[in-house]
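[1] got a structure for you, letters missing:
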């Protein structure tokens, strides 16, 4: 009897792990279905047989029975946008999951340290100065990194790098406010006919102008950041128990924090640089993943990525097909994500752990 009682927790843990793995498989299957569904819908709907054949023709030889116009729409217009939505949704979700684990707070989002405001200022500055598209993306990426670097340096200067998470968050709020004010200043001096609408539209978040080159260019920093977070997933679990426990287990907390912040910032800045500011994805996806598979980052991190990719892909489908005029993506993600945020505020105790 004693042996049976001691084996029961092991069997329960094994069942919980299998259930979480099945959830990952189900999320992956849903994402694949959403991918094909997204290729079919739009202002020029594609029959399922044609859409699948066009996509498959790039892998195996198929005699074309579809129009050249439909092939152009699917491969040149929809496919880069769909891949970008998956890439950015997964990236923002992973960044949010990492920050929530590091700060032990389910209300933390990827822009908590000012990266989105910094990237927004870099893009607004590029638009004001008439930079090309690559220059605007580079400016957004660079100023996003600069904003987080300023937050980190202020925290270290206040000797908060060794455990002052609250000071770091407050510093991020201050840095974000400064860059938001600078954005307002650029909008104030911008030409109201051409430049001001471009800045405003970029800050709303959008994937309409994403090209294949943008997706490929962002894949390198996003992939590097995701790989770093995946390698740190076990230490994230330890850090989630608290700084004192992590240090007792031999974890260098300041160095681990710096590595997580660097990886998450690289991911977020790269995403914002090509899509603009898209809010609440990095908050909603980790929240749903934690409820679905539990707080273990070894499973919760990939679950967050799958949910984030699926969420942003479906919202983008709604943005480009709901009305005759395309709705900015950031508006929809905020409107849809706001009820989740409100529920999270009302259920703080249950939402963590």
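    That came in fine, so what should we check first? What you see is a predicted model, and the numbers here were worked out from it, not measured in a lab. Numbering: from 1, shown residues only.

[2] ranges for the helices of the stretch 101-250 of the chain?
    Ranges of helices in the stretch 101-250 of the chain, per DSSP state H, counting those that start in this stretch, are 115-129, 133-157, 165-189, 195-204, 212-231, 233-240, 243-248.

[3] can I get those helices in JSON lines including mean pLDDT, distance to residue 98 and mean neighbour count?
    The way it works is simple: take the backbone N, C-alpha and C, and place the C-beta from them, glycine included. Below are these laid out as JSON lines (pLDDT from 0 to 100; distance: least, C-beta to C-beta, whole Å; neighbours: other C-beta atoms under 10 Å):
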{"stretch": "helix 115-129", "mean pLDDT": "92", "distance to residue 98": "13", "mean neighbour count": "26"}
{"stretch": "helix 133-157", "mean pLDDT": "89", "distance to residue 98": "13", "mean neighbour count": "21"}
{"stretch": "helix 165-189", "mean pLDDT": "90", "distance to residue 98": "14", "mean neighbour count": "17"}
{"stretch": "helix 195-204", "mean pLDDT": "89", "distance to residue 98": "24", "mean neighbour count": "18"}
{"stretch": "helix 212-231", "mean pLDDT": "91", "distance to residue 98": "5", "mean neighbour count": "17"}
{"stretch": "helix 233-240", "mean pLDDT": "84", "distance to residue 98": "7", "mean neighbour count": "19"}
{"stretch": "helix 243-248", "mean pLDDT": "75", "distance to residue 98": "15", "mean neighbour count": "14"}
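
[4] which of the ones you listed sits closest to residue 331?
    Residue 331 lies closest to helix 195-204 among the helices of the stretch 101-250 of the chain, at 6.0 Å (C-beta to C-beta).

[5] for the closest one, packing partners?
    Taking 3 or more C-beta pairs under 8 Å, 6 or more residues apart in numbering; DSSP states H and E as contact, the helices and strands that helix 195-204 lies on are helix 115-129, helix 165-189, helix 329-346.

[6] any chance of those in a markdown table, plus distance to residue 67?
    A markdown table is the format used below for the helices and strands packed on helix 195-204 (distance: least, C-beta to C-beta, whole Å):
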| stretch | distance to residue 67 |
| --- | --- |
| helix 115-129 | 37 |
| helix 165-189 | 43 |
| helix 329-346 | 29 |
